[in-house]
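Engineer: Structural data only, the sequence is not supplied:
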């Protein structure tokens, strides 16, 4: 760790790698439905499912994400970011083992519930760790690796799951999770958490190890802010009884919800998470076969098309790593989400014409191009930027609470979208479903455009100051 060749940048890469592998597990879990459900519907399957039980197997992680959202803030605040991420790895491993041991629909749903808890924890935790450990100039690109790693997880599960039995696929996923465990054990605690605990000497040591000596101003500003918060706490009376503690907590919450720096990030992230989950990512990830068959039809190798979508997702995510360093966050989200809305409208019109024989000319190649453009708009837009901004907007004092509340809305949206996709497709049809998605994303983009501050190349402390109403210009 102390070797001269192991530069601060490489240490930031190591930290990001541990988070990225954990986030890839999210892609594995969400992408499992595409390959698992067809195998469970086979006549010779040991677990027999119908449409209702299949939708629950696909959607239940979206519900249990809420549990993870509630668990992780207290762990990451009290015990630190490293203990919290190790907890997610442990729960993820148990979840995959339960998948392997499943012999009934109920057991399978329970296993998927555990997997969702792990996802809910890392969704909050991952962006926080990367945001606290990386330099402002590289932070955007590092946070973008979250989307890249999720795409890699989806590609991996779809590729191996199409050709292997779901139990064999699950064993491979367990090995993947254990590799992440090894990397996480090598990473340090974040400087921000150490500072918040009053461990200032350790904070300075870890900060300089991760960032070098060129960012001392940010280090000292962070420590000064935490010292001021500690002094403010010391002036208050320590509650002695349980009733006094409850009153103190209620008073703290009452004061906190009035804080601009608390409410504004939650309001912004509520709309960004909604925009991300209604961008079509869950259709592309969990119902890829339905998307291909409804837009392109049967005149294509479906397995090859699914894999090509996942490969294109990785390529687009890689492109976004370059774009995020060049374009400001507000402009990037406006351009890519506008493209996303346009693809919703075009796909709705195209499939409506296809279903009603209104197209003057049709070819599978048209559907293939439209699907790939749609995937590009998702992977470079609201989805990756939701992880980037969640690592930049939350103030240190309320990071766990803000992340938990904001991610609660994300979890509700994941469950709602995944659970209702089959219902909407069967009741409204594909064209009207995509029109509905486009309207939801359009509303969220309007709100985000008004309220989102610029965060590119700014320190977390500067962003926090602006959220408190003390605006500073982007550097």
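Structural biologist: All right, it came through fine. Source: prediction; values computed, not measured.

Engineer: buried residues in stretch 48-67?
Structural biologist: Going by neighbour count (16 or more other CB atoms under 10 Å), the buried part of stretch 48-67 is 49, 53-67. Backbone N, C-alpha and C define where each C-beta goes, glycine included.

Engineer: Residue 209: which of the residues you listed is nearest?
Structural biologist: For the buried residues of stretch 48-67, the closest approach to residue 209 (CB to CB) belongs to residue 65, at 32.9 Å.

Engineer: dump the residue contacts of residue 154.
Structural biologist: Shown in contact with residue 154 (CB atoms under 8 Å, 6 or more residues apart in numbering): 27-28, 30-31, 285, 310, 313.

Engineer: Any chance of CSV for these, columns pLDDT?
Structural biologist: Below are the contacts of residue 154 laid out as CSV (pLDDT from 0 to 100):
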residue, pLDDT
27, 86
28, 90
30, 82
31, 84
285, 78
310, 84
313, 84
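
Engineer: In strands, which of the buried residues of stretch 48-67 appear?
Structural biologist: Among the buried residues of stretch 48-67, none falls in strands (DSSP state E).

Engineer: and the least confident of the residues you listed?
Structural biologist: Lowest pLDDT within these is found at residue 62 (75).

Engineer: could you measure it against residue 318, distance?
Structural biologist: Taken as CB to CB, to the nearest Å, the spacing of residue 62 relative to residue 318 amounts to 27 Å.

Engineer: Residue 209: neighbour count?
Structural biologist: By the other CB atoms under 10 Å criterion, the neighbourhood of residue 209 contains 16 residues.

Engineer: so it, which of the three states?
Structural biologist: For residue 209, the reduced secondary structure class is helix; criterion used: DSSP: H, G, I helix; E, B strand; the rest coil.

Engineer: Give me the longest helix you can find in the chain.
Structural biologist: helix 8-40 (DSSP state H).

Engineer: for that one, which positions count as buried?
Structural biologist: Result for helix 8-40 [16+ other CB under 10 Å]: buried residues 8, 11-37, 39-40.

Engineer: got the contacts of residue 154 as a markdown table, with distance to residue 431 columns?
Structural biologist: Below are these laid out as a markdown table (distance: CB to CB, whole Å):
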| residue | distance to residue 431 |
| --- | --- |
| 27 | 28 |
| 28 | 31 |
| 30 | 25 |
| 31 | 26 |
| 285 | 21 |
| 310 | 25 |
| 313 | 24 |
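
Engineer: So, low pLDDT: which residues of this structure?
Structural biologist: Low-confidence segments of the chain, defined by pLDDT under 70, span residues 1-5, 232-258, 400, 469-475.

Engineer: middle-most residue in it, spatially?
Structural biologist: With distances taken as CA atoms, centre = their mean, the chain has residue 123 as the residue nearest its mean C-alpha position (4.9 Å).

Engineer: Within the helices and strands, which one has it?
Structural biologist: helix 105-133 (DSSP states H and E).

Engineer: where's residue 381 relative to residue 169, distance?
Structural biologist: Counting by CB to CB, the gap from residue 381 to residue 169 is 29 Å.

Engineer: more neighbours, the two?
Structural biologist: With neighbours defined as other CB under 10 Å, residue 381 and residue 169 compare such that residue 381 has more, 29 against 25.

Engineer: what's the distance between the residue at the greatest distance from the centre of the chain and residue 27?
Structural biologist: Of all residues in the chain, residue 360 has its C-alpha farthest from the mean position, at 40.9 Å, by CA atoms, centre = their mean. For residue 360, the distance to residue 27 equals 39 Å [CB to CB].

Engineer: where exactly do the helices run in the stretch 151-300 of the chain?
Structural biologist: Taking DSSP state H, counting those that start in this stretch as the criterion, the stretch 151-300 of the chain contains helices spanning 166-186, 191-196, 200-211, 216-234, 242-256, 260-276, 282-286, 288-295.
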